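Asks: Need the 3D shape of this:
(one chain, ligands or ions: 1)
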Amino acid sequence: MSSSSPAASTSKLLVPLHVSYIKALGEAKDDLAYHLTAHLRMNAIYWGLTALCVMDAKDTLDREETIAFVMSCWDDEAGAFGAHPEHDAHILATLSAIQILVIQDALDRVDIPRVVSFILSLHRPSGVFAGDAFGETDTRFLYCAVSALSLLGSLSALSKDARQRTIDYVVQCKNFDGGFGNRIGAESHAGQVWVCVAALAILDARDKVDDDTLGWWLAERQLPNGGLNGRPEKLEDVCYSHWVLSSLSILNKLHWIDADKLEAFILSAQDPEHGGIADRPDNVVDVFHTFFGVAGLSLLGYPGLVDLDPVYCMPAEVIAKMGLRKGWAAIERRDA
Ligand code: GRG
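Replies: All right, here's what the predicted structure looks like:
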């Protein structure tokens with residue numbers, strides 16, 4: 001990205017440029033980068049599609065083509081989705097696939113009972129979930145499992161006892177600073193804070209969060225340049241605009257950070273020539289940071305954007321229609 005871009009050019013969200021940047025990603029099939037990121041393809045389509053929804057440009061991606069790609073990643077042996085055709089099923093790709101199908105109103109294409117059994121097969125006696133049949137466990141996979149079950153209307157497939165063990169596992173990951181780590185005893189990290197707080201919200205166990213202690217820890221993630229880091233002494237990164245802000249939104253404490261400074265930081269990480277948002281100003285853009293940048297701006301009430309549900313990280317209207325909306329609050333959207 002050009003570092004000589006005039007500051008004025010990034011004082012506004014460059015919506016048409018970001019929309020064409022995301023559209024072009026799916027068409028760059030001759031690029032080496034496209035093939036090197038095959039293991040993230042399903043996640044990348046979810047990030048791109050949801051970013052387009054937030055910018056009110058959902059139809060930029062062809063609906064039938066998108067659904068066909070998702071279905072081509074079905075792993076019939078496991079009964080769930082891989083990240084790419086011929087890849088083994090994994091809970092991360094499975095959640096992204098379900099999110100895409102829900103957004104496209106195409107859940108009816110899925111064998112829901114098989115996906116539910118795949119997810120339940122990943123549940124461990126401690127209450128945590130594994131990512132796949134090979135067994136690595138952590139709170140990210142726990143969130144993916146809980147969110148996917150909920151979106152499939154099958155949270156009740158977790159028995160009362162299994163649900164309680166899941167809640168207890170998350171509670172055991174809570175630290176003295178109010179934050180959460182990726183396993184019991186692990187350091188608090190904003191990404192893990194979000195998965196744990198959002199999973200507790202879905203499981204109707206929000207009361208297990210120490211709102212004030214965690215609210216302070218999250219607010220302290222803001223650095224003098226306005227950006228947010230993921231844990232103390234680390235660099236700011238645009239993606240924390242989602243992990244931190246969504247957590248604060250679920251705690252109804254978004255006003256605990258300086259919204260104007262964060263907004264200016266996110267906007268300064270845009271590529272004003274080719275579109276896309278980077279982790280921080282003057283770095284190379286990617287779809288992950290583009291999505292989490294616009295997600296953060298949406299929660300900050302940026303004009304013209306569509307509301308995002310911070311618990312499911314999906315368009316708020318879609319979640320509300322499914323009757324899944326939990327208590328959260330964003331900053332009121334400003335007029336354009
Ligand atoms: C539906 C949005 C959604 C997610 C699914 C995979 C997942 C569930 C959540 C991931 C949560 C998480 C751990 C996010 C953090 C990602 C990140 C930027 C990690 C970087 O960690 P370090 O240690 O960086 O490299 P720092 O910033 O601490 O130096």
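
Asks: Run through the residues of the stretch 101-250 of the chain sitting next to the ligand.
Replies: Neighbours of the ligand within the stretch 101-250 of the chain, by CB under 6 Å from any ligand atom: 140, 143-144, 191-192, 195, 230-231, 234, 237, 239, 243. Yep, even glycine has a C-beta here, placed from its N, CA and C like the rest.

Asks: And those residues, which two are furthest apart?
Replies: By the measure CB to CB, 144 and 234 form the most distant pair in these, at 24.2 Å.

Asks: Of these two, which one has the most company?
Replies: Shown here are residue 144 and residue 234; by other CB atoms under 10 Å, residue 144 has more neighbours (24 against 14).

Asks: next SSE after the strand or helix carrying the more buried one?
Replies: Element membership for residue 144, per DSSP states H and E: helix 139-151. Toward the C-terminus, helix 139-151 is succeeded by helix 160-172 as the next helix or strand (DSSP H and E).

Asks: How is the closest residue to residue 198 other than its chain neighbours assigned, secondary-structure-wise?
Replies: Ranked by CB to CB, 6 or more residues apart in numbering and with sequence neighbours excluded, the top spatial neighbour of residue 198 is residue 311, at 4.9 Å. Taken by DSSP: H, G, I helix; E, B strand; the rest coil, the conformation at residue 311 corresponds to coil.

Asks: if I look at residue 311, how far off is the ligand?
Replies: Using CB to the nearest ligand atom, to the nearest Å, residue 311 is found at 10 Å from the ligand.

Asks: Verify the contact between that residue and residue 250 for me.
Replies: Yes - with contact defined as CB atoms under 8 Å, residue 311 reaches residue 250; the gap is 6.2 Å.

Asks: related to what we said a few turns ago, and the residue nearest to residue 198, how many residues sit next to it?
Replies: The burial count for residue 311: 26, using other CB under 10 Å.

Asks: Check what pLDDT it gets.
Replies: On the pLDDT scale, residue 311 is placed at 98.

Asks: got it, and residue 27?
Replies: Residue 27 is assigned a pLDDT of 78 by the prediction.

Asks: Run through the stretch 1-150 of the chain and note the low-pLDDT ranges.
Replies: For the stretch 1-150 of the chain, the stretches flagged by pLDDT under 70 are 1-9, 30, 32-36.

Asks: All the helices of it, residue numbers only.
Replies: Using DSSP state H, counting those that start in this stretch, the helices of the stretch 1-150 of the chain run over residues 15-27, 32-36, 41-54, 63-72, 91-103, 112-121, 139-151.

Asks: what about residue 97, distance to residue 325?
Replies: 22 Å (CB to CB, to the nearest Å).

Asks: for residue 120, same thing?
Replies: Distance, residue 120 to residue 325, by CB to CB: 25 Å.

Asks: do the same with residue 289
Replies: Relative to residue 325, residue 289 is positioned 27 Å away (CB to CB).

Asks: out of these two, which sits in the more crowded spot?
Replies: Set residue 289 next to residue 325 and count neighbours by other CB under 10 Å: residue 289 wins out with 25 against 14.

Asks: pretty sure that one is in a helix, no?
Replies: Yes - Residue 289: assigned to a helix according to three-state DSSP.

Asks: Surely it is in contact with residue 238?
Replies: Yes - using CB under 8 Å, residue 289 makes contact with residue 238 at a distance of 4.8 Å.

Asks: Excluding chain neighbours, what is closest to residue 72?
Replies: Excluding its sequence neighbours, the residue lying closest to residue 72 (CB to CB, 6+ apart) is residue 85, at 4.7 Å.

Asks: Quick check: the one you found vs the ligand, distance?
Replies: For residue 85, the distance to the ligand (CB to the nearest ligand atom) stands at 21 Å.

Asks: Pull the number of nearby residues for that residue.
Replies: Residue 85 - counted by other CB under 10 Å - has 13 other residues nearby.

Asks: Residues in contact with both of residue 289 and residue 238, list them for me.
Replies: 269, 277-279 (CB atoms under 8 Å, 6 or more residues apart in numbering).

Asks: Of the residues you listed - the most surrounded one?
Replies: Highest neighbour count within the shared contacts of residue 289 and residue 238, by other CB under 10 Å: residue 277, with 34 neighbours.
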